[in-house]
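K.L.:
My questions concern the predicted model and sequence given below.
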Amino acid sequence: MSFPLLTVTAAVPAVGAILTAAVPAARRTAAKWLALLVSLATLVLAAVVFARFEPGGDRYQLTESHAWIKDFGVRYELGVDGIGVALIALTALLIPFVILAGWHDADPLETKSSRWRPTQGFFALILMVEAMVILSFEATDVFLFYILFEAMLIPMYFLIGGFGDRAHAGSDENAAAQRSYAAVKFLLYNLVGGLIMLAAVIGLYVVAGNFSLTEIAEARANGSLEMATSTERWLFLGFFFAFAVKAPLWPLHTWLPNAMGEATAPVAVLITAVVDKVGTFAMLRFCLGLFPEASKWATPAIVVLALISIVYGALVAVGQRDIKRLVAYASISHFGFIILGIFAMTTQGQSGATLYMVNHGISTAALMLVAGFLISRRGSRLIADYGGVQKVAPVLAGTFLIGGLATLSLPGLAPFVSEFLVLVGTYARYPVAGIIATTGIVLAALYTLVLYQRTMTGPVKEEVRTLPDLRPRELAVVIPLIAVLIFLGVFPKPLTDVVNPAVQHTMSDVQQKDPTPEVEAAK
Amino acid sequence: MENLIALLVGAPLLGAAVLLCGGRRLDKSGHWLGTLLAAVSFFIGLALFADMLGKGAEDRAMHQRLFTWISVDGFQADIAFQLDQLSMTFVLLITGVGTLIHVYSIGYMEHDERRRRFFGYLNLFVAAMLLLVLADNFLLLYFGWEGVGLASYLLIGFWQHKPTAATAAKKAFLVNRVGDMGLSIAIMLMFTTFGTFAFGPVFAATDEASEGKLTAIGLMLLLAACGKSAQVPLQSWLGDAMEGPTPVSALIHAATMVTAGVYLIVRSADIFNAAPDAQLVVTVVGAVTLLFGAIVGCAKDDIKKALAGSTMSQIGYMILAAGLGPIGYAFAIMHLVTHGFFKAGLFLGAGSVMHGMNDEVDMRRYGGLRKYMPVTFATFGLGYLAIIGFPGLSGFFSKDKIIEAAFAKGGTEGWILGSVTLLGAAITAYYMTRVMLMTFFGEKRWQPDAEGHAPHPHESPKSMTIPMVLLAFGSVFAGAFFGIGDRFVAWLEPVTNFEHGHPPISAGAITGATVAVMVIGVGIAYLQYGRRPVPVVAPRGSLLTRAARRDLLQDDFNHAVFVTGGTHLTRSLVYVDHTLVDGVVNGTAASVGGLSGRLRKLQNGYARTYAVSMFGGTAVLIAATLLMRAV
Amino acid sequence: MNPVNYLYLAALLFTIGAAGVLIRRNAIVVFMCVELMLNACNLAFVTFSRMHGNLDGQIIAFFTMVVAAAEVVVGLAIIVSVFRARHSASVDDASLMKL
Amino acid sequence: MSANLAAYATSSGEAFQFWVLGTVAVAGALATILMKKAMHSALSLAGTMIVLAVFYLANGAYFLGIVQIVVYTGAIMMLFLFIVMLVGVTAADSLKETIKGQRWWAAACGLGFGILLIAGIGQASLTEFAGLGAANAAHGGNVEGLAALIFTKYVFAFEITGALLITAAVGAMVLTHRERTERARTQRELSEQRVREGKHLPPLPAPGVYARHNAVDIAGLLPDGTPSELTVISTLRKRGQVRDVSTEAMADLKALEQRSEERLGRDRDEEEATR
């Protein structure tokens, strides 16, 4: 048996989480360094996975398969396609920066007793989330995926509810109340989604007799597994609902602004850049792979919802007064693009959507983490409390601007490539939807620049006058992210190479072909 | 030689990267580095130009392919360059004027502590603009297109501590984004129509595509051009963009970036040629903007805004010419180049005046400056003569050709367009004379400012005057050099397929009419501003004047519809999100809570009550079993 | 007579016993009613045994008796200790299960 | 009793027996749930159980019928009676319902349940009765037949029920046994405590000391004729079984006075008559 690389990739952060949690209370700094080292080790492993993945090879590679619950045909089955590889790379890349950015976020307050050790918990939870997310990108067994999809909520719940943003306008009690509201809301939304998915998972088992993604997809493709149209549609809706909550798609989005607003900036990045990607990833892999006909049936409705997400999210973002909520609504708009790309059912759209997942992760991380640095300096999340920061902290303002420009998809930065692919892919199939989605680029410019203008430019506010510029640790977070953004914006080939074959497979799953250009069609 | 093309872009890009990332160590020397790299780019451009001249007219186009940018099954975008005569013209204009303005900025920005960054932005602009004109596919062009937008944003808002500057920068970017939307839709249309968006294959396949698609592509390209080139209805940003430092106004908002729309249309000539409806719209937009900008230019008292109105109007000429098809393309570009010289010169002159006048921009507070700033006066004056089309100077050659071509369009359209261009020429003469008279002639009208600092007008340093002199040189001679013997047309012909237009009246008559209307315009202005003292406080003016001062109420319209409407929309959406979307969920939660509160009462703790429910449940089960059996 | 009548009788007794459980408050009487229900079941088992002609039904009834005996012992012990603690044998007094 | 008694064709004797004893059984069951006093309920239940024992016998379950009488009626019901007496023989239950809607729901559920159950039996096709003749005869009799099953097929269940019984017995002992948590106080300590509290120094008065009664449940009367609770043992007091005889004494006195009055009156009448 070959070396279980995928298991190890997920196991390293999991074991690291346990070790970090076990560090004694007094050795806080050691826990931080341990967590950072573990995340870097995971990054190395992810790089090995990326390197060993052959784009031209089998659809699922590095597979592992062991019996788990024999009575129900549940298997511990792992395997990665190009999409999974890209997202594992994203996750492994972001976590070290999340840890580094949150270096002081969980330092205990002086008043607590010596047995109080939040720091260890904070970093252990982050590593736990990483492990689960990576494993969920690897799982090719529906049941295994479901377990991870749900289990992820637990550490996330504690990260949101337990380690809130210290920059809060109200009193401490008020902050705690809002935080727990946000955490519970996050949990409830996702649990409802998960429960409905559970029903669909069971339904799938009843229909198909096992949980293996590959087997079911194959059986569906060669016709040995027939599904009644209505059954397929119900199962599809069950799965899709859960993923749409996680993604989040309008109108199931309202948990995200609360969660991102109340959580610390690194945790907010974890939510939107990493955990939410599981939702969109699963749409691509499970919804389209298992229920191709139903996916096609639901496409018009989903495209409409995605368009609403894009425009609505952007417009609501413009109206926000809170920096982090603004970024959250911007993310909702971007998730609209991702979902649109997936359901446009064109290679450009789906490749774009996959790239979008990666690029959005990095760009949001850059913007949100810099915003977090800014917020931690001034102790306020309100846009109105800032002004003229550019004058006192030019590097901070500059990096913030680059993050913002990435958010508005400026060519030369990574998100442009993906957004344009999504738009082209959508336009090829649904021209009207493509044009409506294009208005998103204007609105994105609007909210980004309004945010930049109100916080960074203008006369320097009195409270802002003493803000220090970025520190070396913070630069170490921001600079690599920006470098990756620029690199992938100019040379996305390493990613497209692994993603393209996977998308071809997905396209053949749903038996769709790209529309032929008019000129060739005429010939 | 082809391999040098990438260096054209690379040199200023390197400059931008070094200057922006380099930190304070470069504060002392950064401006020299920036200027040097712009100049390097210019000399590479010259070398390539020389190489190009050495070849035959038909095989002058050069290509360089660096690497694949985006490649997704059928969607292929390369980082690849194409340098043909059209691009070459732009390269020389951009790097040439760009280098001069770099030099000028050394003096102009001397006292600004963020001068290093200014030069970084300028280099970034040059790189992006070169990318725009050198791209060999529309997506890479879009890259450059957005890049210049970014540079423009950064430079307009360079003095970020001024809220007006920050707002103007944002406005410019946003309005441009609307145009960019047009460009991206155009690219999508090309992809779905042709399966590619590289210049060569697209232009080669235009015969095979339906006219409807081509018209749509053309209109979307026009939308893009309107955004970048400040054409109606997306012109509103240009006036505000004057908040940026004056060298920026000269380089970006007069000579180069704003002409990118013209480049786009001329570059896509093959598409427009096959879509007459789109061409018609292009000419209409050009004609409307031509008059619009001219009228606005007549009313502004801010010297830079008056010049901005003029820029809009002159680009209107170019767009109009570009809409005329093969009879106009070459003249559009020719006017673009000459305009690049004289308008940059005029802006630099204006900058020089402001430099000497404590950054005062109100022309009503100038007056009689010719004595204090002789070099500025001379160069500005030459630029002035060039723009109003004084016979023999460059504006005369290029504008006259456009007017001729407009008449040559033929039919009613030709007459209308011709008359509009003539009218525009008259108004141009009027407002430029007004600027000239108010600034350099008459009595001195400046006063101490609020803090008691009276301006001491003085000539600007050498680093500023030399570029002005060089540009004035260009303003005087470029037109004659290009125009006489149709040299420029012959140069561009392989790219744009020149056709001789045949105006219904003789070319001489048109030239005569042009000169005549110019004289009339100058005369009226002289009567108004030369013969009478200029009031320091602007008179109320006619309804048209007041409207023109407010950009013909276009801004008010935008504000009322988009800003106010948009604000209300976002506010109501935020409210909807909070109360309705979130409210439904919270309402569900509350009703579940209420229901469980009521259900809790059933749990009264009495074992007998629980027994009843157990018993009842059993009864229901039996009933269900029996029913199932009965069925 | 059809022996099925025994089943009707068993059902009737069972229902009466159940009703007793529901309406009586005295724990001892409730307990007696439970015994009544168990006996009704036993009767049904014995009748089934006769119906099918094998003795398994009787075995079940036998086990029921044994378990009932065990249950009575423990149950009555509980009642006694509850009575000692609360001086009441009413099942309603032991309503501590609610919040 | 012959083997065919248990067969399908029941004799008219069995039918008669069923209808008579069935009525008794139902009456007993109803009495069980309707009697106010637990003692009466227990006796009614015992009656029902004996009837059921007869029915077992009639159904061919000879062993069970005997066990029913011996174990159930004999042992279990006696246990009930003991407990009833322990907890309070005379305390009557109030049949008034205290939980709102409980009786209504109970009636509805009971009725519905009964009807459904009976309907279910009626719907089942239970016309074939094999009879136990063959089964009982296989091993030489009912008891042997049961034994053959219990010690082969059901041996595990049997062993487990044995364990259960032992557990139950131990459990009952644990539940009812009260562990002393402190040393029993000596008489000296108790008397010292009494002195310290100063409540009641002399021994408690005996019942009936100040009156003409000496039954333990009758409070002694204080000099003013009111009964003193102290004179009755606490168990009876708690159960509320103290008999108040104070009114009896007064009534007796009154009767005595009346009688003497009558006697005296008669004497006076006689005296006057002799005059």
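P.N.:
Ah, there it is. Numbers count the residues shown, from 1 in each chain, chains lettered A, B, ... in the order given.
K.L.:
Which stretches in the stretch 101-250 of chain D count as helices?
P.N.:
D:102-123, D:133-138, D:142-150, D:155-176, D:187-197, D:234-239, D:246-274 (DSSP state H, counting those that start in this stretch).
K.L.:
Quick check: pLDDT value at the residue of chain D found nearest chain C.
P.N.:
In chain D, the residue that lies nearest chain C is residue D:130 (2.8 Å; Cβ to the nearest Cβ). No exception for glycine: its C-beta is placed from N, CA and C like everyone else's. Listed pLDDT for residue D:130 reads 73.
K.L.:
Mind checking the helices of the stretch 101-250 of chain D for the one nearest to chain B?
P.N.:
Across the helices of the stretch 101-250 of chain D, chain B has its closest neighbour in helix D:102-123 (4.3 Å, Cβ to the nearest Cβ).
K.L.:
ok, and for that closest one, which residues are buried?
P.N.:
For helix D:102-123, a neighbour-count test (16 or more other Cβ atoms under 10 Å in any protein chain shown) marks D:102-103, D:105-106, D:109-110, D:112-114, D:116-117, D:120-121 as buried.
K.L.:
Does anything pack onto it? Which helices or strands?
P.N.:
Identification of packing neighbours for helix D:102-123 by 3 or more Cβ pairs under 8 Å, 6 or more residues apart in numbering or on different chains; DSSP states H and E yields helix B:607-630, helix C:4-23.
K.L.:
is the longest helix belonging to chain C up against chain B anywhere?
P.N.:
Scanning chain C for the helix with the most residues, using DSSP state H, yields helix C:56-86. No - figure legend: helix C:56-86 not in contact with chain B (Cβ under 8 Å from any Cβ of the partner chain); closest approach 12.1 Å.
K.L.:
Could you count how many residues lie near the residue of chain D closest to chain C?
P.N.:
Using other Cβ atoms under 10 Å in any protein chain shown, residue D:130 is surrounded by 16 other residues.
K.L.:
for the stretch 151-300 of chain A, what spans make up the helices?
P.N.:
A:153-162, A:172-208, A:213-221, A:229-246, A:255-262, A:265-269, A:276-282, A:288-290, A:292-318.
K.L.:
Tell me who's in contact with the closest residue to residue B:244 other than its chain neighbours.
P.N.:
Of all residues not flanking residue B:244 in the chain, residue B:156 sits nearest, at 4.0 Å (Cβ to Cβ, 6 or more residues apart in numbering or on different chains). Residues in contact with residue B:156 (Cβ atoms under 8 Å, 6 or more residues apart in numbering or on different chains) are B:165, B:168-169, B:172, B:240-241, B:243-244, B:248.
K.L.:
okay, those in JSON lines with neighbour count, pLDDT and secondary structure next?
P.N.:
As requested, the contacts of residue B:156 are exported to JSON lines (neighbours: other Cβ atoms under 10 Å in any protein chain shown; pLDDT from 0 to 100; DSSP: H, G, I helix; E, B strand; the rest coil):
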{"residue": "B:165", "neighbour count": "23", "pLDDT": "88", "secondary structure": "helix"}
{"residue": "B:168", "neighbour count": "22", "pLDDT": "89", "secondary structure": "helix"}
{"residue": "B:169", "neighbour count": "28", "pLDDT": "90", "secondary structure": "helix"}
{"residue": "B:172", "neighbour count": "28", "pLDDT": "90", "secondary structure": "helix"}
{"residue": "B:240", "neighbour count": "22", "pLDDT": "86", "secondary structure": "helix"}
{"residue": "B:241", "neighbour count": "30", "pLDDT": "87", "secondary structure": "helix"}
{"residue": "B:243", "neighbour count": "24", "pLDDT": "86", "secondary structure": "helix"}
{"residue": "B:244", "neighbour count": "26", "pLDDT": "85", "secondary structure": "coil"}
{"residue": "B:248", "neighbour count": "29", "pLDDT": "88", "secondary structure": "helix"}
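K.L.:
biggest separation within these, which pair?
P.N.:
B:240 and B:248 (12.8 Å; Cβ to Cβ).
K.L.:
Now chain D against chain A: closest residue?
P.N.:
residue D:156 (25.3 Å).
K.L.:
Please identify the helix or strand for residue 404.
P.N.:
You didn't pick a chain, so chain A it is. If you go by DSSP states H and E, residue A:404 is part of helix A:394-407.
K.L.:
please go with chain B instead
P.N.:
helix B:394-408.
K.L.:
What residues sit buried inside the helix or strand that comes right after that helix?
P.N.:
Where DSSP H and E defines the elements, the next helix or strand beyond helix B:394-408 is helix B:411-440. Across helix B:411-440, burial judged by 16+ other Cβ under 10 Å covers B:414, B:416-418, B:420-440.
K.L.:
Count the residues that sit near the closest residue in space to residue A:474 that isn't next to it in sequence.
P.N.:
Spatial nearest neighbour of residue A:474, excluding adjacent residues (Cβ to Cβ, 6+ apart): residue A:373 at 5.2 Å. Residues lying near residue A:373 (other Cβ under 10 Å) number 25.
K.L.:
list the contacts for residue A:373?
P.N.:
So residue A:373 contacts A:101, A:265, A:396, A:470, A:474 (Cβ under 8 Å, 6+ apart).
K.L.:
so is residue B:534 in a helix, a strand, or just coil?
P.N.:
Here residue B:534 is recorded as coil under DSSP: H, G, I helix; E, B strand; the rest coil.
K.L.:
That one touches residue B:439, doesn't it?
P.N.:
No - taking contacts as Cβ atoms under 8 Å, residue B:534 lies outside contact range of residue B:439: 10.1 Å.
K.L.:
so what sits against both of these two?
P.N.:
Joint contacts of residue B:534 and residue B:439 (Cβ under 8 Å, 6+ apart) are residue B:367.
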